[in-house]
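Q: no sequence on this one, just coordinates:
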Ligand code: LP5
Ligand code: MN
């Protein structure tokens with residue numbers, strides 16, 4: 001049985017070794033048996049460039065060796081925390097970076113994979129911030145700084161983000177339903193899979209009379225979780241610890 005599995009928002013950090021251990025276990029017990037693993041963003045707490053050796057995350061990065069050996073295909077999409085992951089880390093960990101949004105055919109489902117942040121269109125401050133940091137010139141200038149300087153900037157952005165999100169209403173930080181419907185119509189899909197909002201659920205509704213599913217992956221702060229779509233097209237959101 002060769003499932004497709006999906007995870008996001010692990011936010012792996014040396015300060016949370018138990019989640020790194022959980023990911024390593026997830027790889028050796030679950031992901032090695034899968035056909036395909038998609039990581040839909042925010043794999044790490046933040047990423048400041050592939051020249052960072054990130055020794056504290058070594059166990060997580062080494063786990064990808066098992067997937068290569070097992071023949072599990074691994075695809076990684078950027079999240080709002082780790083959009084600077086580049087092809088050097090991808091080569092070191094044997095995964096392929098993919099675009100957001102990514103149309104895929106899963107069994108018989110025309111589906112779309114996203115991190116999810118672009119659907120949060122009511123969060124105007126965030127969308128402005130996103131446009132700024134996703135600009136190539138901005139990124140090149142950031143990457144030209146020393147690792148120490150980049151680390152300081154990343155930590156200060158995290159602090160600013162914590163203050164900003166504490167002030168925003170939960171509604172603003174969720175997806176905008178009009179943006180969801182527009183995306184579903186634009187890509188002509190029946191299944192949308194994303195993370196980012198940390199509100200795991202399978203939402204079923206209709207768009208122009210057609211049934212659609214919006215599947216939201218959960219974060220890994222307390223427990224691990226993943227979406228499994230089997231060869232027989234069974235869809236299951238699974239939580240484990
Ligand atoms: O991440 P989280 O869950 O706290 O909140 C997100 C949005 N915040 C972010 C910011 C990240 O947390 C910090 C990213 C660190 C990346 C490290 C790499 C450094 C890259 C450098 C650039 C090339 O994504 C948050 C959303 C929330 O999700 C829910 O969707 O609301 O958005 C914000 O908090 C953004 C604020 O509203 C506005 C930003 C204020 C900061 C402006 C500083 C600009 C000066 C930059 C100086 C370098
Ligand atoms: Mn995110």
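A: Received the coordinates, thanks. Since the model is a prediction, treat every value here as computed from it, not as a measurement. Ligands and ions are numbered 1, 2, ... in the order given.

Q: contact residues of the protein facing ligand 2?
A: With Cβ under 5 Å from the ion as the criterion, the chain comes near ligand 2 at residues 42, 79-80, 196. C-beta: built from backbone N, CA, C; applies to glycine.

Q: would TSV of the residues you listed with neighbour count and distance to residue 137 be doable?
A: Converted to TSV, the residues of the chain next to ligand 2 look like this (neighbours: other Cβ atoms under 10 Å; distance: Cβ to Cβ, whole Å):
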residue	neighbour count	distance to residue 137
42	30	24
79	26	21
80	20	19
196	26	25
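
Q: so which of these are also by ligand 1?
A: Restricting the residues of the chain next to ligand 2 to those adjacent to ligand 1 (criterion: Cβ under 6 Å from any ligand atom) gives residue 80.

Q: helices of the chain, start to end?
A: 17-29, 58-70, 87-93, 124-133, 136-143, 147-167, 177-187 (DSSP state H).

Q: those residues of this protein touching ligand 1, which are they?
A: 46, 48, 80-81, 84, 117, 120, 123, 125-126, 129, 133, 138-139, 142, 153-154, 157-158, 160-162, 164-165, 168, 173.

Q: before we move on, the earlier item: mean pLDDT and mean neighbour count added to the helices of the chain, as TSV?
A: Shown next, in TSV, are those (pLDDT from 0 to 100; neighbours: other Cβ atoms under 10 Å):
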stretch	mean pLDDT	mean neighbour count
helix 17-29	97	16
helix 58-70	98	16
helix 87-93	97	15
helix 124-133	97	13
helix 136-143	97	11
helix 147-167	96	12
helix 177-187	98	15
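
Q: which of these sits closest to residue 103?
A: Shortest separation from residue 103 across these is recorded for helix 177-187, at 5.7 Å, computed as Cβ to Cβ.

Q: burial of the nearest residue to residue 234 once chain neighbours are set aside, as a residue count?
A: Ranked by Cβ to Cβ, 6 or more residues apart in numbering and with sequence neighbours excluded, the top spatial neighbour of residue 234 is residue 228, at 7.5 Å. Look at residue 228: counted by other Cβ atoms under 10 Å, it has 15 neighbours.
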